[in-house]
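Asks: sequence and predicted structure, then a few things I'm wondering about:
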Amino acid sequence: MNIRRRQGHDPQGHSSALNDILFILLLFFLIISTLANPNVVKLSIPKAKSDTKAKQTVVVSVNDKQEFFVGTTPVQVDSLRPRIAAAISKSTDAEPTVVINADKQATADNIVAIMRAAHELQLRTVLAVDNNSR
């Protein structure tokens, strides 16, 4: 009987290039995810059953600490109207719209202050809601 171990090589695939490809893909998706929605203020907005889309000319947000933001820039209540007017002047829309992103904890007075400032500028306002009614 001839019982000997074979001295052959184990077949192995080279995976050194796989690390480079995965790193490049990871970097690509990280960059794209930050560019996907740059004007974001973290809010938990109210829910609604219907969904109405409006072109977002200016986004005004109120967070749970009752702080105002035009885009991502913090704004005081008394300078809300001039900041909205400045943002609208940069727009080329025929019918500019102010989208109100309000946190669930935002008071009605703050939402009305945004609506009043937009009404004085003769702008249309839309309240952004989450359409998941769960």
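Replies: Right, received. Where do you want to start?
Asks: and Ser61, what are its bridge partners?
Replies: Phe69, Asn101 (DSSP bridges).
Asks: how many other residues sit next to it?
Replies: Neighbour count for Ser61, taken as other C-beta atoms under 10 Å: 26. Heads up, the C-betas are built off the backbone N, CA and C, glycines and all.
Asks: tell me how far stretch 96-109 is from the chain's mean position?
Replies: Counting by C-alpha atoms, centre = their mean, to the nearest Å, stretch 96-109 is centred 15 Å from the centre of its parent chain.
Asks: end-to-end on that stretch?
Replies: End-to-end distance of stretch 96-109: 23 Å, with C-alpha to C-alpha, to the nearest Å as the criterion.
Asks: let me know how buried Asp103 is, in neighbour terms.
Replies: For Asp103, the neighbour count with other C-beta under 10 Å is 20.
Asks: touching, it and Asp64? I think so.
Replies: Yes - Asp103 is in contact with Asp64 according to C-beta atoms under 8 Å; the separation is 4.5 Å.
Asks: strands of this protein, start to end?
Replies: In the chain, the strands defined using DSSP state E lie at 58-62, 68-70, 73-75, 97-102, 124-128.
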